[in-house]
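1. What shape does this take:
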Amino acid sequence: MLDARLFPLPRNAVWPDYGSHGLLGLTRALGSWLQGHEELTLPGLPPRQPRGVVLLVIDGLGDTFLQRLGQGSRMHAQQLARLTSVCPSTTASAVTTLYTGLAPAEHGLTGWFIQDRRFGGVIAPLPLQRRGGGRLRGPFLGARLFPYRTLAQRARRPVSVLTPAELAPSGYTFRHTRGARVIGYPQLKDLLPAVLDEAARLDGRGLIHAYYPGFDALSHKLGPYAKEVQGLFGRLDELFAALAAGLRRHGMTLLVTADHGFIEAPEERHYRLDARSPVQAMLAAPLLGERRLAFCQVRAGAEQEFEDFAARDLAGRAVAVRSRRLLAAGLFGPGPRHARLAERLGNYALLMEAGHTLSDRLPGEDELRMRGVHGGLSGEEMWIPLIHAGAEGEDA
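-> As a prediction, the model looks like this:
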């Protein structure tokens, strides 16, 4: 375990587990099975030998939501364990881990915004856009930005990926699903028949990775515990029951997990670095990462001034830590480090306290208000569920 005396952390921070009780461990267990190992080991179950697996990833479904508002649901009743997300606890980092079996330190996607000077500075890798500068373009863009192999490319069993139709043709999806058959589905109601059709085509063998982002989008907009979010969870719980029944006939095991959870983001706890803020003169680049875990590139010679600003203006809101200390402590996971990792972490990290957020805005960027957020180290963001429905004849 991390010695908390090494550096300060936000109150009640949850350190990511990159072993068997974390998202990376789950992904690597599936990767080992895909490469031909007969047994699949999951937390809370003895090793088993599934014919096929469906992994349903519900973006944003945190364990806190499931425990607080999912009591009595089918998913709650069949929860195996709770896992930690990766750090940062965000889609860009965690979904990339699910597609590749790599920790953020290895794949280098350390938040919604990363710095990569080859492409003009600060970029958003998922939509392939520059901050305030339009779409990224260039020869071999995807191969240069995402140079690693995918889980499906290393698999000896077949892999299919089901993702919303609008995401299926994206550059990010194309690079991260190489080796898999990709199927775009139009709406949530189309996901059940799409999964069952693919299970029949595969004769119940291999991996079907099904991704649903609507829960995340609604939680951002309305807050993670809004009535509308609860209503959507009810529909997803019905989907889980129908999938479990349908896949049992195909002899397939159903697993459900998420990439991260959510925390409320009250507007009064949102700190904005506007163009007139004195701290802007201390920064060599716009903020990187997430509004719950922001990486800062502080200009040489301004380090003490920046630390004084954080201690004074962000007291009770954020903890400032040198990024290299977090990296050395293993916050971003094990494995060979991405060649541009240091560039993407800046030289300081601002770890936000529960409920607090931080953002800046470049000319031309719209003001983005979110009632629910993620990316930080709070338990609400870090803990995610692992839910299981066994195949026909498989013991629970």
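
2. which stretches of the stretch 151-300 of the chain form helices?
-> Using DSSP state H, counting those that start in this stretch, the helices of the stretch 151-300 of the chain run over 171-176, 191-201, 214-222, 227-249.

3. Quick one, grab the pLDDT at the closest residue to residue 370 other than its chain neighbours.
-> Once flanking residues are discounted, residue 370 sits nearest to residue 220: 4.8 Å by C-beta to C-beta, 6 or more residues apart in numbering. Every residue, glycine included, has its C-beta placed from N, CA and C. pLDDT for residue 220: 97.

4. Would you agree residue 220 is in contact with residue 373?
-> Yes - here residue 220 reaches residue 373: they are 7.2 Å apart, a contact under C-beta atoms under 8 Å.

5. Of these two, give the one with the bigger neighbour count.
-> A count of neighbours by other C-beta atoms under 10 Å puts residue 373 above the other of residue 220 and residue 373, at 25 against 19.

6. Without its sequence neighbours, what residue ends up closest to the more buried one?
-> residue 265 (4.3 Å).

7. Ok, residue 103 next?
-> residue 333 (2.5 Å).

8. Now do the same contact list for that neighbour.
-> 16, 18, 24, 86-87, 103-106 (C-beta atoms under 8 Å, 6 or more residues apart in numbering).

9. number of nearby residues for residue 47?
-> 11.

10. got it, and the one 5 residues further on?
-> Residue 52 has 21 neighbours, counted by other C-beta under 10 Å.

11. Ramachandran angles for it?
-> Main-chain dihedrals, residue 52, degrees, to the nearest 10: phi -150, psi 160.

12. Dig out what it forms beta bridges with.
-> Beta-bridge pairing for residue 52 (DSSP bridges): residue 206, residue 252.

13. Strands of the stretch 251-396 of the chain, start to end?
-> All strands of the stretch 251-396 of the chain, identified by DSSP state E, counting those that start in this stretch, fall at 252-257, 263-264, 270-273, 288-289, 293-296, 318-322, 348-352, 357-360, 372-373, 383-389.

14. Could you dump the ones you listed into CSV with mean pLDDT added?
-> Listed next are the strands of the stretch 251-396 of the chain as CSV, based on pLDDT from 0 to 100:
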stretch, mean pLDDT
strand 252-257, 98
strand 263-264, 96
strand 270-273, 93
strand 288-289, 98
strand 293-296, 98
strand 318-322, 97
strand 348-352, 98
strand 357-360, 95
strand 372-373, 98
strand 383-389, 97
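
15. Now render those as CSV, adding distance to residue 120.
-> Below are these laid out as CSV (distance: least, C-beta to C-beta, whole Å):
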stretch, distance to residue 120
strand 252-257, 35
strand 263-264, 32
strand 270-273, 21
strand 288-289, 14
strand 293-296, 18
strand 318-322, 26
strand 348-352, 22
strand 357-360, 17
strand 372-373, 26
strand 383-389, 34
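
16. out of the ones you listed, which comes closest to residue 229?
-> strand 372-373 (8.2 Å; C-beta to C-beta).

17. Check the offset of the closest one from the chain's centre.
-> 13 Å (C-alpha atoms, centre = their mean, to the nearest Å).

18. who touches that strand?
-> 60, 219-224, 262-265, 290-292, 357.

19. related to what we said a few turns ago, for the residue nearest to residue 370, which residues are in contact?
-> 60, 370-373.

20. what do you get for residue 204?
-> Here residue 204 is in contact with 51-52, 250-252, 391 (C-beta under 8 Å, 6+ apart).

21. most surrounded residue in those residues?
-> residue 252 (30 neighbours).

22. Could you check how far it is from residue 320?
-> Separation of residue 252 from residue 320 (C-beta to C-beta, to the nearest Å) stands at 48 Å.

23. from memory residue 252 sits against residue 53, does it?
-> Yes - if you go by C-beta under 8 Å, residue 252 and residue 53 touch, sitting 6.5 Å apart.

24. hmm, what's the outermost residue in the protein?
-> Distance to the chain centre peaks in the chain at residue 301, reaching 34.3 Å (criterion: C-alpha atoms, centre = their mean).

25. Show the pLDDT at that one.
-> At residue 301, pLDDT is 96.

26. The one 10 residues further on too?
-> At residue 311, the model reports a pLDDT of 95.

27. Can you mark which positions in stretch 12-21 are buried?
-> Judged by neighbour count (16 or more other C-beta atoms under 10 Å), stretch 12-21 contains these buried residues: 13-18.

28. what residues does the helix or strand bottoming out on mean pLDDT in the chain touch?
-> When each helix and strand of the chain is scored by mean pLDDT, DSSP states H and E, strand 134-135 comes last, with a mean of 87. With C-beta under 8 Å, 6+ apart as the test, strand 134-135 has contacts from 128-129.

29. then the helix or strand that comes right after that strand to PDB, C-alphas only?
-> Remark: after strand 134-135, the chain's next helix or strand is helix 141-145, criterion DSSP states H and E. C-alpha atoms of helix 141-145 as PDB (Å, rounded to 0.1, in the frame of the first residue of the first chain):
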ATOM      1  CA  LEU A 141      -2.100  10.200 -37.500                       C
ATOM      2  CA  GLY A 142      -3.700   7.300 -35.700                       C
ATOM      3  CA  ALA A 143      -0.600   5.100 -35.800                       C
ATOM      4  CA  ARG A 144       1.500   7.900 -34.400                       C
ATOM      5  CA  LEU A 145      -0.900   8.900 -31.700                       C
END
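
30. Helix 141-145: which residues count as buried?
-> 141-142, 145.

31. Out of those, which comes closest to residue 379?
-> Comparing every one of the buried residues of helix 141-145 with residue 379 (C-beta to C-beta), the shortest separation belongs to residue 145, at 32.1 Å.

32. ok, and the closest non-adjacent residue to the closest one?
-> Closest residue in space to residue 145, ignoring its immediate chain neighbours: residue 125 at 6.2 Å, by C-beta to C-beta, 6+ apart.

33. didn't the one you found look like it was pressed against residue 92?
-> Yes - counting by C-beta under 8 Å, residue 125 does reach residue 92; the two are 6.3 Å apart.

34. Many thanks, we can stop here.
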